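**Q** Provide a 3D model corresponding to the input given below.
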Amino acid sequence: AAGGDAAPAEGTGEAVTIKFRYWADNTDYSALMQDIIKKFNAENGKGITVVGEETPWDGGAYSENLFNAKMGGGDIDCATWKLTSTPLFVNNDLLADLTPLVDSWDKKDDIDENIYSIMKEAGGTDRLYVMPWNIQVLYVYYRPSIFEAAGVEVPKTYEEFLTAIEKCTMDTNGDGKTDVYGFGMRGAKGGQEPWGSFVYGRGGNFEDMTTPEAVWGMQDFIDIYTKGYVPPTATSDGFNEIIANFKSGLTAMTIHHTGSSADMEGDVSAFPFPAGKGQWTSMGDTETVIFESCQNKEAAFEWVAYLATGEGQKMWCEGTGNVPVSKTVQAGDFFRSNRFMAASIEGQSYAGILPIL
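**A** Residues are numbered from 1 along each chain as shown. Model (predicted):
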């Protein structure tokens, strides 16, 4: 457990303890979370003590273990979260409805309305059961030198993006073989995320995959493969392959998020996936929730709000490289001066998740 004991601040009344369960991807993140908890406990001024309990992600078993704990009467007050778990917990009345707390929160507007909409969509109602924390928004990596050689500008529309893919597919030495492919397609696991941007680019959506617009977007995706604008291995290329191909200069563009940006140096920049008739990009997510069984929901909300827009938001996102949801934190030099963060932030207003089934 992290955090230790904290006495109530003078004049604030009775002390409150909040039990918080979280996972951390590595030891650095674990230490960072413990530092955030200690800082909150020392400075919240309301007699609130957060006690942090770390459990492993365990390939997603974290969520199943959390469900079993709450169904068994476990006294966890709040926890870190993935949206895919929301329907299961909502349908079993395990999550607190945060709508009234957020509606009366003075920092509500510091988070983009689209982010709240995604949280509500995950729960399948117009109520808010999930508190935003940090996100990963997919954008397009590109090599400026290849764009220059191909006579291509950064695409402003979906149609220009398709044209750029075609023009950046080049035989640079005249031997009749393609040396640079316009796009690094992820055809293996995870490929459904960038694929979705093509569907929406033509005006389709995930609600009905049989519309002419959705079919047209899927056909665009097929065509860039059959026309040879992507590496021949594209159908089996996963994350490692698309990043390796981009870094080596085999591809002019590929799609990912800030999680791969640490080693992207030199001749690399980024732009948000451009709009066609529609616009969409995939959003990865990590949030927090408060459980219905929590006896001190207002105090728990102070903590999750601190992670969403307070110093906890700044510390976590600067330390992990994830995209903050707080507009105030986003506006800081640390994020605005980073071209990959800037592309992510620009895409948050039309980002989304695949339907939770």
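**Q** Who are the packing partners of the longest helix along the chain?
**A** As assigned by DSSP state H, the longest helix anywhere in the chain is helix 27-43. Contacts defined by 3 or more C-beta pairs under 8 Å, 6 or more residues apart in numbering; DSSP states H and E place helix 27-43 against strand 48-54, helix 297-309, helix 311-320. For the C-beta atoms, the positions are set from N, CA and C on the backbone; glycine is no exception.
**Q** please redo it, this time with the cut-off set to 7 Å
**A** strand 48-54, helix 311-320 (3 or more C-beta pairs under 7 Å, 6 or more residues apart in numbering; DSSP states H and E).
**Q** Tell me the first helix or strand C-terminal of the first one.
**A** Looking back up the chat, that one is strand 48-54. helix 61-71 (DSSP states H and E).
**Q** Dump that next one to PDB, keeping only the CA atoms.
**A** What follows is helix 61-71, C-alpha atoms only, in PDB (Å, rounded to 0.1, in the frame of the first residue of the first chain):
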ATOM      1  CA  ALA A  61      -7.100 -10.600 -16.000                       C
ATOM      2  CA  TYR A  62      -7.000  -7.400 -13.800                       C
ATOM      3  CA  SER A  63     -10.500  -6.500 -14.900                       C
ATOM      4  CA  GLU A  64     -11.800 -10.000 -14.200                       C
ATOM      5  CA  ASN A  65     -10.200 -10.100 -10.800                       C
ATOM      6  CA  LEU A  66     -11.600  -6.700 -10.000                       C
ATOM      7  CA  PHE A  67     -15.100  -7.900 -11.000                       C
ATOM      8  CA  ASN A  68     -14.800 -11.000  -8.800                       C
ATOM      9  CA  ALA A  69     -13.600  -8.900  -5.900                       C
ATOM     10  CA  LYS A  70     -16.500  -6.500  -6.100                       C
ATOM     11  CA  MET A  71     -19.100  -9.200  -6.600                       C
END
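**Q** Which SSE is immediately downstream of that helix?
**A** Following helix 61-71 in sequence, per DSSP H and E, is strand 78-81.
**Q** State the next helix or strand along the chain beyond that next one.
**A** helix 86-91.
**Q** elements contacting that following helix?
**A** helix 113-123.
**Q** Tell me how far the helix it packs on lies from the chain's centre.
**A** Offset of helix 113-123 from its chain centre (C-alpha atoms, centre = their mean, to the nearest Å): 13 Å.
**Q** quick revisit: okay, the helices and strands packed on helix 27-43 in a markdown table with mean pLDDT and mean neighbour count next?
**A** A markdown table is the format used below for the helices and strands packed on helix 27-43 (pLDDT from 0 to 100; neighbours: other C-beta atoms under 10 Å):
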| stretch | mean pLDDT | mean neighbour count |
| --- | --- | --- |
| strand 48-54 | 97 | 20 |
| helix 311-320 | 96 | 19 |
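**Q** Of all the ones you listed, which one is nearest Ala305?
**A** With C-beta to C-beta, the closest approach to Ala305 among the helices and strands packed on helix 27-43 belongs to helix 311-320: 8.9 Å.
**Q** quick one on the thing from earlier: next, the buried residues of the longest helix of the chain.
**A** Using 16 or more other C-beta atoms under 10 Å as the test for burial, helix 27-43 gives 29-30, 32-34, 36-41.
**Q** for the residues you listed, which one is nearest Gly174?
**A** Nearest to Gly174 among those, with distances taken as C-beta to C-beta, is Tyr29, at 49.5 Å.
**Q** which ones are touching the closest one?
**A** Thr320 (C-beta atoms under 7 Å, 6 or more residues apart in numbering).
**Q** same thing with Met315?
**A** Applying C-beta under 7 Å, 6+ apart, the residues near Met315 are 32, 36.
**Q** heads up, I number from 32, so please use that
**A** Yep, numbering from 32; the last one is Met346 now.
**Q** Next one: it from Ala62, what distance?
**A** The gap separating Met346 from Ala62 is 11 Å, by C-beta to C-beta, to the nearest Å.
**Q** Equivalent analysis for Asn276, please.
**A** 35 Å.
**Q** Lys198 too?
**A** From Lys198 to Ala62 the distance is 47 Å (C-beta to C-beta).
**Q** likewise Asn145?
**A** 32 Å.
**Q** How many residues are close by Gly218?
**A** 19 (other C-beta atoms under 10 Å).
**Q** and the nearest residue to it once chain neighbours are set aside, what pLDDT?
**A** Nearest non-adjacent residue to Gly218, counting by C-beta to C-beta, 6 or more residues apart in numbering: Thr266, 4.0 Å away. Listed pLDDT for Thr266 reads 96.
**Q** Please apply the same query to the one 5 residues further on.
**A** In the prediction, the pLDDT value recorded for Asn271 is 96.
**Q** Also Pro39?
**A** 41.
**Q** on contacts alone, who are the packing partners of the worst-scoring helix or strand of the chain on mean pLDDT?
**A** Lowest mean confidence among the helices and strands of the chain (mean pLDDT, DSSP states H and E): helix 364-367, at a mean of 91. Judged by 3+ C-beta pairs under 7 Å, 6+ apart, helix 364-367 is in contact with helix 370-378.
**Q** Would you mark the buried spots in the helix it packs on?
**A** So, applying 16+ other C-beta under 10 Å, buried residues of helix 370-378: 371-378.
**Q** Now do the contacts for Gln379.
**A** 143, 145-146, 166, 168.
**Q** now Ser291
**A** Ile274.
**Q** residues in contact with the least confident helix or strand of the chain?
**A** 349, 355, 360, 372-373, 376.
**Q** Which pLDDT value goes with Asp66?
**A** 98.
**Q** And it, how close does it get to Asp364?
**A** Where Asp364 is concerned, Asp66 sits at a distance of 22 Å (C-beta to C-beta).
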